[in-house]
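1. This is a predicted model, with the sequence first.
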Amino acid sequence: MARKNLIEVSSDDGPASERLPPITTSRPLAGFVAPSVRSSPVGGITKTLGSITEKVERANDIEKRLAEGQTIVELDPNLIDGSFVRDRLGINSVELAELVAQIKDHGQQVPILVRPHPDTKGRYQVAYGHRRLAAIKELGIRVRAVIRELSDDQLVVSQGQENNSRANLSFIERSMFAIRLEERAFSRDIIMSALGVDKAALSKMISVVRQVPIELIEAIGAAPNVGRRRWMEFADKLESAKINLEELLASLPTENSSDERFQVALNALTKKQERVKSVTEAKNWASSDNSVTVRLNNNGKTATIALGAISGPLFASYITERLDDLYADWKSKQEN
């Protein structure tokens, strides 16, 4: 009896090249034979011939896909490892719960793409479909997958293009994916192909990640509603504000969303930047009668005050005697 082959690549959750309606054939595809044409009126003959042509083309396409390793199989999800390059800052628990419910009610409509694990025999590695795999592991069922031999370049391009087609990675996640690929010595051409961006856009993505410490990005999270412009603004403020990283990390409320944490961090940088700017700009001062002059030198870490003119030394002594009161007054204003 001829083996039954099933190709089911549909839904809008995969690359466009895989969006075909489910097709079943119960005969060897290479030996597909068009059905005979019965006598019928001319219109009927034309319609029948068109149908035959369509079936032949579809059968040939199925045969080609089978030859390329597009057969869908069911695998134990515990035998599948993630990609060697992370593309997410974490899976949103609410979105995962929704996906679990969807698969439970309707089944897994779209297969994941895996390759045989390059280092461990009998295991596999995901190219795309990490969220689907996580949901199926929660359900404790087998996962539907397409197994394909992929090089490292082919895997990361497939992984990136799948994410691009669904547009569900945030700017900072895509930027982190880019920097991880660069750290693994992938060429800029491969990275641009994986992310679907040009050279200028890729340079901006990588520059943001190089300016913002990784631990700060991870503490903020994916920030799905924060785009390139605001992350670039954030990176610029971080460089000029000279803020204490540990203090900034401690100020981020873990119970808030990642978008809210981004805004908290941005507000802190803005306030710090304004304070630094106001101090740095007050470089020179003179009394109304010019008997005292003050020069301030501030590099952001240390500050020195030089008092000059006729009464400069006397005014310096006056200030020194009142340092406790001056500090207490300054401290109370900082707390307010």
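-> Arrived safely. Numbering: from 1, shown residues only.
2. use CA for all of it now, contacts and neighbours both
-> Will do.
3. Let's verify Ala97: helix, strand, or coil?
-> Secondary structure, DSSP: H, G, I helix; E, B strand; the rest coil: Ala97 is helix.
4. That one: how many residues sit nearby?
-> Other residues within reach of Ala97, judged by other CA atoms under 10 Å, total 12.
5. got a list of what it touches?
-> The contact partners of Ala97, by CA atoms under 8 Å, 6 or more residues apart in numbering, come to Ala135.
6. same thing with Arg132?
-> Applying CA under 8 Å, 6+ apart, the residues near Arg132 are 99, 112.
7. The chain: strands as residue ranges?
-> 5-7, 23-25, 72-75, 80-81, 112-116, 124-128, 143-147, 284-286, 293-298, 303-308 (DSSP state E).
8. and Ser203, which of the ones you listed is closest to it?
-> strand 124-128 (24.5 Å; CA to CA).
9. Can you spell out which helices and strands pack onto the closest one?
-> Applying 3 or more CA pairs under 8 Å, 6 or more residues apart in numbering; DSSP states H and E, we find strand 124-128 packed against strand 80-81, strand 112-116, helix 152-166.
10. mind saving the C-alpha coords of it as PDB?
-> C-alpha atoms of strand 124-128 as PDB (Å, rounded to 0.1, in the frame of the first residue of the first chain):
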ATOM      1  CA  TYR A 124      17.300  18.800  17.900                       C
ATOM      2  CA  GLN A 125      17.800  22.500  17.900                       C
ATOM      3  CA  VAL A 126      15.100  25.100  17.200                       C
ATOM      4  CA  ALA A 127      15.400  27.600  14.300                       C
ATOM      5  CA  TYR A 128      12.000  29.200  15.000                       C
END
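11. What strands flank that strand, and is each parallel or antiparallel?
-> strand 80-81 (parallel), strand 112-116 (antiparallel) (DSSP bridges).
12. could you dump these to JSON lines with mean pLDDT, distance to Ala268 and mean neighbour count?
-> Listed next are these as JSON lines, based on pLDDT from 0 to 100; distance: least, CA to CA, whole Å; neighbours: other CA atoms under 10 Å:
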{"stretch": "strand 80-81", "mean pLDDT": "92", "distance to Ala268": "39", "mean neighbour count": "18"}
{"stretch": "strand 112-116", "mean pLDDT": "91", "distance to Ala268": "42", "mean neighbour count": "21"}
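13. Tell me which of those strands lies nearest to Val209.
-> strand 80-81 (26.1 Å).
14. Turn the helices and strands packed on strand 124-128 into JSON lines, columns for distance to Ile179.
-> Below are the helices and strands packed on strand 124-128 laid out as JSON lines (distance: least, CA to CA, whole Å):
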{"stretch": "strand 80-81", "distance to Ile179": "21"}
{"stretch": "strand 112-116", "distance to Ile179": "23"}
{"stretch": "helix 152-166", "distance to Ile179": "13"}
